[in-house]
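Colleague: pasting the sequence and the predicted model now:
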There are 2 protein chains.
Amino acid sequence: MAESIYSNYPPDLSPAQQKFLVTSVKDWAIQNGLAVRPSPAIVPAGLDPNGVLATNAPVTLFPSPFPRTCFEEATALQEIYNKLYATITCNEEWLGKIVEELIEVDDFVLNLWKVHQDVKKEGYVQDLSLGLFRSDYMAHVLPTGATALKQVEFNTISSSFGGLSALVRKMHTELLSSPPGSSINYPPHPLLQSEVPPENTAVETLSAGLAAAHEAYGVSKSTPALPLCVLFIVQESERNVFDQHALSTQLKKVHNIPVFRVASVDILDQTSIPSSNSARPLLYQPPHSPDSTFEVTTVYLRGYYAPDEYKSNRDWLARTHLERSAAIKCPSVLNQLSGCKKVQQVLAEPKGPDHLASFLKGVDTTLIERVRDTFAPQYDLSVDSQGRDLALNPDTAMNHVLKPQREGGGNNIYKSDIPTFLRSIPESDWRGWVLMELINPAANAQNVALRNDGEVLRGHVISELGIYGTILWESTGKILHNQQGGYLLRTKGKEVNEGGVAAGFSSLDSAILF
Amino acid sequence: MAESIYSNYPPDLSPAQQKFLVTSVKDWAIQNGLAVRPSPAIVPAGLDPNGVLATNAPVTLFPSPFPRTCFEEATALQEIYNKLYATITCNEEWLGKIVEELIEVDDFVLNLWKVHQDVKKEGYVQDLSLGLFRSDYMAHVLPTGATALKQVEFNTISSSFGGLSALVRKMHTELLSSPPGSSINYPPHPLLQSEVPPENTAVETLSAGLAAAHEAYGVSKSTPALPLCVLFIVQESERNVFDQHALSTQLKKVHNIPVFRVASVDILDQTSIPSSNSARPLLYQPPHSPDSTFEVTTVYLRGYYAPDEYKSNRDWLARTHLERSAAIKCPSVLNQLSGCKKVQQVLAEPKGPDHLASFLKGVDTTLIERVRDTFAPQYDLSVDSQGRDLALNPDTAMNHVLKPQREGGGNNIYKSDIPTFLRSIPESDWRGWVLMELINPAANAQNVALRNDGEVLRGHVISELGIYGTILWESTGKILHNQQGGYLLRTKGKEVNEGGVAAGFSSLDSAILF
């Protein structure tokens, strides 16, 4: 089924058709904020000292076909997944055991754990946590030709592209639906004549999550009471700002909530916790209005997610400062740690205790099995383990990918490179890796991408579907808000094994369900 | 009154305040399509071969104060002005006399007139004309300190910036109104605390004009009937595309009308008039959909307005081709000619026949006088004329500007330069110039502009108010649609006597009425 859908898609473009589509897309992108700041590869440093230039986000010219059953299953499971990761985050003991294994191979995990330990020693003053999650999947083609939903990873921090992917959906839909009365923007094709991509409510969903936390924070903990706000913690030289602005605009306009942006380097200068107030409210003083003070209800991290963002101890102090405050963290340190690959692997472990079922106690067992069905087989490489056998045997290695446990720790190793690679490093380092069975996407999917330098790339692609979800919970596990909504379809050229959308190696896309 | 308002405006900005406002404005601009393609001065040719980069349109950081009485008078008079220029366009004989005087000094006018003569000889097949006008004014400060509305010029072709100026109004309003509950984006100032800029319906008004023409065109004149569309004629290397897209998006989404863009160089290749059809429908074949043919109801010129756009006879053939077609022209050649400076000067002529009153026959005389009050005194330089005396006398020249009659014919000459300049050219060329009394704007108005290269300029400024209007009429003078709505406030640094917004020397602004 899947393969036949892809065999004649997308339709060929004449030079005039391609020129028209490219012009339409690049103008639509700027007209509607589907944009990024250009990288130095596009605009050399010094040419734009004031940082005014922008370009289209990398996007596909066509929406990509995606199996409807997989899309609907991913959507149906998101709220269970939200609950699963909230529940894991509440179980500090369980999470602590996993963290202890990682600490030896990953300083970043060690340092995050230390932040938690420090705040725990002092005592947390905020019982609520907020998660803005994105669960990423591929449509795995089974030998029968049917497709099954398989999870690639679960993001618990800085789940990005909700703002831009909603815009890509809007753009593809408008291109498919215009001009009014006779859609001729695309060459005729059955998939493009009958369908538009499903609605994408990522902006509404993610903003509603932040608004729910803001609301749940309650009244100001300061005397006299201060005005309340949400704080976005961002990277100083972020290029993906328009994705973030889509959320802050929604928060301001629809939810009427003040939102400010603070670069991670400025946290300690621009925010404070009054030592005299045991409730530890996080106070923000906008440098552009030094007489104003806001109390932060919710800290939304769009920075401080990767090891290389912590350049010195000052960054760890800043992270600790946020963590010990009364602001609701999105995410807390523990919630960030729940997203590490080792957790995914332990949940998928076929032998031993059924962690998944115990975290989802009370959930319908068929639902739990549907969650389990989304796990790709994955293994650690401990002595005498099945993982070690599969990784070292060149035949079975061919069907696997080796992923570093360490966050931001380098590239994945694929297939026949796995045994060679493992033998090239000390055996003691093997614990730093997880072996995962390769997901088998449709072999002949194709699309045409417009990069953010305007180059047009055509070829075989792999699409990854991310579903957004938000959840607000108490440390007891009680859930106050749990919602799914909106998606990211990220489509990469097949020759590219790694790469983020912002880097221009992969493109934002939308889905035509079949 | 006016001077005191300006004396402490805008409030000073600390470095942190300026940084915040600049960042907010440049991000808002890209998020919302308040953008232009950068000039080669910003992005050197070759660096962006695919033309993907964009930057903010040049904008003021603050809205500019503008006298409420002047704003309201300009708005109140726009529909009379629409009618005036439609009526002038209907009077070919009167317009012909003016054109005859210009022909000797202006080849461009000559060639336009030839297009009209050629089509007239064959016979026009379209009785309707559409005008999308913009009447530009300054608030003239009288010796008493009061202000009076004075017209700078009346644009009958390619009246631009409606799309972007509506966005600037939206941006200033949002900056003034956020964060919700405690507006701290600007330093406190009475003008900024009590007022937001008046609504700007330029996009709605201009699109409604085009939609009215599309509707009035009626059914297809082809057999079998073809789908109908509006055609934007644009410059091949237009940088101000997002201003134009604001209108086409509105036409598509709100009015459900197909809109296409054709570069002026492509008109003869992409459109045709079947010789077998005496109704002369203008047919458009989109290169991206060669099997489709649309019939053009309305040709909207955002190109072909200036002499330098007519590079060869092929351009004049293309303009004639459009003019002889059954499409409604916005504007027709005659309507374009009605906008030349000589018409403005003749209307303002204090001696001789009262052209204004005869064109506005039936209009309330007090309204006619209000229109007349907007004319700045202006003169030709014929022998023994008042204009010649005023121009050659260094004392009176100080109060005037000398404007070339010729379209695109060079820069204005100011004040003491006028006598010297006139003596430097042959007397026979003097008929190519109009002398206009200088309008006296508020001396101490100031603002801060963000250029499209990100440079911040602060200083004394002059603001020009343009009011948009649309009118659809029959050659008998019968009016089918007449509407005003929306405005452009264009603010220039005072040291700059000339310059268009797109060139970065002047900025798009919005008005705080006082």
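Modeller: Cool, got the structure. Numbers count the residues shown, from 1 in each chain, chains lettered A, B, ... in the order given.

Colleague: count the residues that sit near A:Arg423.
Modeller: Around A:Arg423 sit 9 other residues, with neighbours defined as other Cβ atoms under 10 Å in any protein chain shown. For the C-beta atoms, the positions are set from N, CA and C on the backbone; glycine is no exception.

Colleague: my bad, A:Leu317
Modeller: Using other Cβ under 10 Å as the criterion, A:Leu317 is surrounded by 12 other residues.

Colleague: touching, it and A:Val265? I think so.
Modeller: No - with contact taken as Cβ atoms under 8 Å, A:Leu317 and A:Val265 are classed as non-touching, separated by 11.8 Å.

Colleague: show me which residues of the stretch 101-250 of chain A sit near chain B.
Modeller: Counting by Cβ under 8 Å from any Cβ of the partner chain, the residues of the stretch 101-250 of chain A close to chain B are A:178-182, A:184-185, A:227, A:229, A:241-242, A:245-246, A:249.

Colleague: just the stretch 351-500 of chain A next, same as before
Modeller: For the stretch 351-500 of chain A, the residues found near chain B under the criterion Cβ under 8 Å from any Cβ are A:Asn452, A:Asp453, A:Gly454, A:Glu455.

Colleague: out of those, which are inside helices?
Modeller: In helices, defined here by DSSP state H, there are no members of those.

Colleague: export those residues to a markdown table and tack on distance to A:Leu102, pLDDT and neighbour count?
Modeller: Written out in a markdown table, the entries for those read as follows (distance: Cβ to Cβ, whole Å; pLDDT from 0 to 100; neighbours: other Cβ atoms under 10 Å in any protein chain shown):
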| residue | distance to A:Leu102 | pLDDT | neighbour count |
| --- | --- | --- | --- |
| A:Asn452 | 35 | 94 | 29 |
| A:Asp453 | 38 | 94 | 19 |
| A:Gly454 | 42 | 95 | 17 |
| A:Glu455 | 39 | 94 | 13 |
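
Colleague: mind giving me the ChimeraX select for the residues of the stretch 101-250 of chain A next to chain B, buried ones only?
Modeller: Burial among those is assessed by 16 or more other Cβ atoms under 10 Å in any protein chain shown; the matching ChimeraX selection reads:
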select /A:178,179,180,184,185,227,229,241,242,245,246,249
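
Colleague: just the strands in the stretch 51-200 of chain A please.
Modeller: With DSSP state E, counting those that start in this stretch as the criterion, the stretch 51-200 of chain A has strands at A:55-56, A:59-60, A:64-66, A:128-141, A:147-155.

Colleague: helices or strands up against the last one?
Modeller: Right, strand A:147-155. Contacts of strand A:147-155 with other secondary structure elements, assessed using 3 or more Cβ pairs under 8 Å, 6 or more residues apart in numbering or on different chains; DSSP states H and E, are made with helix A:68-90, strand A:128-141, helix A:341-348.

Colleague: how about the second one?
Modeller: When contacts are defined as 3+ Cβ pairs under 8 Å, 6+ apart, strand A:59-60 sits against helix A:162-177, strand A:446-450, strand A:506-509.

Colleague: first to last residue in stretch A:322-341, what's the distance?
Modeller: Using Cα to Cα, to the nearest Å, the end-to-end distance of stretch A:322-341 comes out at 25 Å.

Colleague: list the buried ones in that stretch?
Modeller: Of all the residues in stretch A:322-341, those buried under the rule 16+ other Cβ under 10 Å are A:322-341.

Colleague: determine which stretch of the helices and strands packed on strand A:59-60 is the most buried.
Modeller: Using mean count of other Cβ atoms under 10 Å in any protein chain shown, the stretch among the helices and strands packed on strand A:59-60 with the largest mean neighbour count is strand A:506-509, at a mean of 27.

Colleague: buried stuff in the helix or strand just after it?
Modeller: Along the chain past strand A:506-509, the next helix or strand (assigned with DSSP states H and E) turns out to be strand A:511-513. For strand A:511-513, a neighbour-count test (16+ other Cβ under 10 Å) marks A:Ala511, A:Ile512, A:Leu513 as buried.

Colleague: of the residues you listed, which is the nearest to chain B?
Modeller: Compare each of those with chain B using Cβ to the nearest Cβ and the shortest gap goes to A:Ile512, at 20.2 Å.

Colleague: ok, that closest one touching A:Leu192?
Modeller: Yes - between A:Ile512 and A:Leu192 a contact is recorded at 7.3 Å, counting by Cβ under 8 Å.

Colleague: need the residues touching each of the two.
Modeller: Overlap of the contact sets of A:Ile512 and A:Leu192 (by Cβ atoms under 8 Å, 6 or more residues apart in numbering or on different chains) is empty.

Colleague: look at A:Leu149 and say how many residues are nearby.
Modeller: Applying the criterion other Cβ under 10 Å, we find 23 residues in the vicinity of A:Leu149.

Colleague: make that A:Glu369, sorry
Modeller: Number of residues near A:Glu369 (other Cβ under 10 Å) recorded here: 11.

Colleague: and the pLDDT at the residue sitting furthest away from the middle of chain A?
Modeller: In chain A, counting by Cα atoms, centre = their mean, A:Pro224 sits farthest out from the average C-alpha position, at 38.5 Å. In this model, A:Pro224 is scored at 97, pLDDT.

Colleague: ok, now the one 5 residues further on?
Modeller: Listed pLDDT for A:Cys229 reads 98.

Colleague: residues touching whatever residue of the stretch 301-450 of chain A ends up closest to chain B, list them.
Modeller: Each residue of the stretch 301-450 of chain A has a distance to chain B, by Cβ to the nearest Cβ, and the smallest belongs to A:Leu450, at 8.3 Å. With contacts defined as Cβ under 8 Å, 6+ apart, A:Leu450 is in contact with A:Val22, A:Val25, A:Lys26, A:Asn56, A:Pro58, A:Val59, A:Thr60, A:Leu61, A:Val456, A:Ser507.

Colleague: who does it bridge with?
Modeller: In this structure, A:Leu450 has the following beta-bridge partners (DSSP bridges): A:Val59, A:Val456.

Colleague: a strand runs through A:Ala16, doesn't it?
Modeller: No - judged by DSSP: H, G, I helix; E, B strand; the rest coil, A:Ala16 forms no part of a strand; its state is helix.

Colleague: that one and B:Pro287 touch, don't they?
Modeller: Yes - A:Ala16 sits in contact with B:Pro287 when judged by Cβ under 8 Å, with a separation of 4.0 Å.

Colleague: give me every residue that touches the spatially closest residue to A:Leu176 that is not a sequence neighbour.
Modeller: Leaving aside its sequence neighbours, A:Leu176 sits nearest to A:Val196 (Cβ to Cβ, 6 or more residues apart in numbering or on different chains; 5.3 Å). With contacts defined as Cβ under 8 Å, 6+ apart, A:Val196 is in contact with A:His172, A:Thr173, A:Leu176, A:Ser177, A:Ile512.

Colleague: what is the nearest of the residues you listed to chain B?
Modeller: Nearest to chain B among the contacts of A:Val196, counting by Cβ to the nearest Cβ, is A:Ser177 at 9.4 Å.

Colleague: would you check how far apart A:Glu464 and A:Gln285 are?
Modeller: Here A:Glu464 is placed at a distance of 41 Å from A:Gln285 (Cβ to Cβ, to the nearest Å).

Colleague: between these two, which is the more surrounded one?
Modeller: Regarding A:Glu464 and A:Gln285, a neighbour count based on other Cβ under 10 Å identifies A:Glu464 as having more, with 19 against 15.

Colleague: so where's chain A uncertain?
Modeller: Low-confidence regions of chain A, defined here as pLDDT under 70, cover residues A:1-3, A:408-409, A:495-505.

Colleague: okay, now the domains of it?
Modeller: In terms of domains, chain A is parsed into A:1-376+A:439-513, A:384-438 (source: the TED database).

Colleague: any chance of those domains in CSV, plus distance to B:Gln270?
Modeller: CSV is the format used below for those (distance: least, Cβ to Cβ, whole Å):
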stretch, distance to B:Gln270
domain A:1-376+A:439-513, 10
domain A:384-438, 49
